[in-house]
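Trainee: structure of the sequence below:
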Amino acid sequence: MLQVKDNIQYHDERFLMFVMDQVANEYEREGKDVVRMTLGKSELPVREEITESMADALRDFSKSALVFPGGLPELKEELSKHYEERYNLQISPNNFVISVGTSTLFRNLFHVLLKEGDEVLLPFPYYSLYHFCALLVGATIKYYNIDTNNMGLDIDSFKRNFSDRTKVVVINSPGNPLGNILTREELYKVDEIVGGRAVVINDEIYANICFDEPGESVMQLENTKSTFITTNAFSKGYRMYSRRVGYCIVPDELVTPLTVIQHHTLLTLDPVVQFGAIEALRHQEDVKELEDMFRVHRDYTMEMFEEVPLVEALYSKGGFYIVLECAAYMKAKGIETSLELAERLMEATYVATVPGSDFGLPTTLRLSFSSKKYKAGIDRLVSFFQA
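Mentor: Next comes the predicted model:
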């Protein structure tokens, strides 16, 4: 009989976002008018200049045949320039490691930094990638809370759950799923508590999408005691979701380990999409367009759900998502799980949402701002919950 690791219940660890997105795909094939609020994938097309840069690289063998396991030197140089222009930071191109999105980078970072039994401290609610990568290495998972009332960092829970056994701390700002943003004061408080005893990985993939005020990058912190690693990608702000280009900024000691892992497990990231990423960095106006659009979506959601008595929209400060707290509605209707609620919504309204259990919030739904039919989808949801 085939044996697999028994510390992971793979069926239970399914990413329900993809389960519901597949249901949406099946409904669309049947001709139904579906509104997808599942993936954090913009339904706007990739900018034409980015597509053309990739097409040019594909046609030019001298570009399309390049092999660099840690990423194109040209892209690393452009990223270094970008951080200098945006944040006034001097980061060597050598400290950027390029990979297939941030998901593989998290997996590799966890393998480099953690061994079985080490503790990893994650935000709660969490993006499921962090949770699953910890399961893969057999780490002990602990959580600190994000307060869903004010979207602030619960410092007391952070202190309680950080220990001398903690080797990695993950922060995510703006956060997925809540859209919370850590303040400079909170970031310094994290560094004070960690005190150099663990590595802090900052996932800032949504850093360009801040609705009310700019977010802080950990790269801007000064005189910190702890080692900070930053991950980011081109899938969100530049709409390159399926092109899969991500990167991390790491200290010198981690450049070789991460690159060698990719020597053996990746070999090379497609240079064609990396040339597209280089072009993307030249179009910051694309990011601003999404930020403005999603702010309108956030505001519309908050306004419409003010009149829904049993469902609360949690105020999102940035990123691609907003969360609906549906505990009162689920209790009133006898609905036991967020997956059951998402399935009922899909059957009744053709709106695809993400069950909050993906993030440790079993009485919620996550909505992605990225649908072109977003307002129509909200109108359908409001009608459903008010019926």
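Trainee: burial check on residue 4, number of neighbours?
Mentor: Neighbours of residue 4 under the rule other Cβ atoms under 10 Å: 7. Just so you know, the C-beta spots here come from the backbone N, C-alpha and C atoms, and that holds for glycine as well.
Trainee: now it, nearest residue through space, not along the chain?
Mentor: With Cβ to Cβ, 6 or more residues apart in numbering as the criterion, residue 4 has its nearest non-adjacent residue at 7.5 Å, and that residue is residue 10.
Trainee: wait, is the one you found part of a helix?
Mentor: No: counting by DSSP: H, G, I helix; E, B strand; the rest coil, one finds residue 10 to be coil, located in no helix.
Trainee: ramachandran coordinates for it?
Mentor: phi -60, psi -40 (degrees, to the nearest 10).
Trainee: just checking, it touches residue 135?
Mentor: No: with contact defined as Cβ atoms under 8 Å, residue 10 and residue 135 do not form a contacting pair (9.9 Å).
Trainee: what about the residue nearest to residue 4, how many neighbours?
Mentor: 10.
Trainee: the lengthiest helix in the chain: how far from the chain's middle?
Mentor: Identified as the longest helix of the chain according to DSSP state H is helix 284-305. How far helix 284-305 lies from its chain's middle: 17 Å, per Cα atoms, centre = their mean, to the nearest Å.
Trainee: could you do stretch 46-60 as well?
Mentor: On Cα atoms, centre = their mean, the centre of stretch 46-60 falls 26 Å from the chain's centre.
Trainee: what do you get for stretch 4-14?
Mentor: On Cα atoms, centre = their mean, the centre of stretch 4-14 falls 22 Å from that of its chain.
Trainee: quick one: mean pLDDT over it.
Mentor: Mean pLDDT, stretch 4-14: 82.
Trainee: stretch 232-249 too?
Mentor: Stretch 232-249 comes out at a mean pLDDT of 92.
Trainee: can you pull the buried residues of that stretch?
Mentor: The neighbour-count check on stretch 232-249 (16 or more other Cβ atoms under 10 Å) flags 232-241, 243-249 as buried.
Trainee: try stretch 188-208
Mentor: 188-191, 193-194, 198-208.
Trainee: only alpha carbons, please: show it as PDB.
Mentor: Extracted in PDB, the C-alpha atoms of stretch 188-208 (Å, rounded to 0.1, in the frame of the first residue of the first chain):
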ATOM      1  CA  TYR A 188       9.200  48.100  15.800                       C
ATOM      2  CA  LYS A 189       7.300  46.400  18.600                       C
ATOM      3  CA  VAL A 190       7.700  43.100  16.800                       C
ATOM      4  CA  ASP A 191      11.400  43.700  16.400                       C
ATOM      5  CA  GLU A 192      11.600  44.500  20.100                       C
ATOM      6  CA  ILE A 193       9.900  41.300  21.200                       C
ATOM      7  CA  VAL A 194      11.800  39.100  18.700                       C
ATOM      8  CA  GLY A 195      15.100  40.700  19.700                       C
ATOM      9  CA  GLY A 196      17.100  38.900  17.100                       C
ATOM     10  CA  ARG A 197      16.100  35.500  18.400                       C
ATOM     11  CA  ALA A 198      14.200  34.600  15.200                       C
ATOM     12  CA  VAL A 199      14.000  35.500  11.500                       C
ATOM     13  CA  VAL A 200      11.000  37.700  10.500                       C
ATOM     14  CA  ILE A 201       9.600  37.100   7.000                       C
ATOM     15  CA  ASN A 202       7.500  39.900   5.800                       C
ATOM     16  CA  ASP A 203       5.100  39.100   2.900                       C
ATOM     17  CA  GLU A 204       4.500  42.400   1.300                       C
ATOM     18  CA  ILE A 205       2.900  41.200  -1.900                       C
ATOM     19  CA  TYR A 206       0.000  43.600  -1.400                       C
ATOM     20  CA  ALA A 207       2.200  46.600  -0.300                       C
ATOM     21  CA  ASN A 208       1.200  48.700  -3.400                       C
END
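Trainee: ramachandran coordinates for residue 262?
Mentor: The phi and psi torsions at residue 262 (degrees, to the nearest 10) take the values phi -80, psi -20.
Trainee: wait, doesn't it sit right on residue 108?
Mentor: Yes: at 7.5 Å, residue 262 counts as touching residue 108 under the criterion of Cβ under 8 Å.
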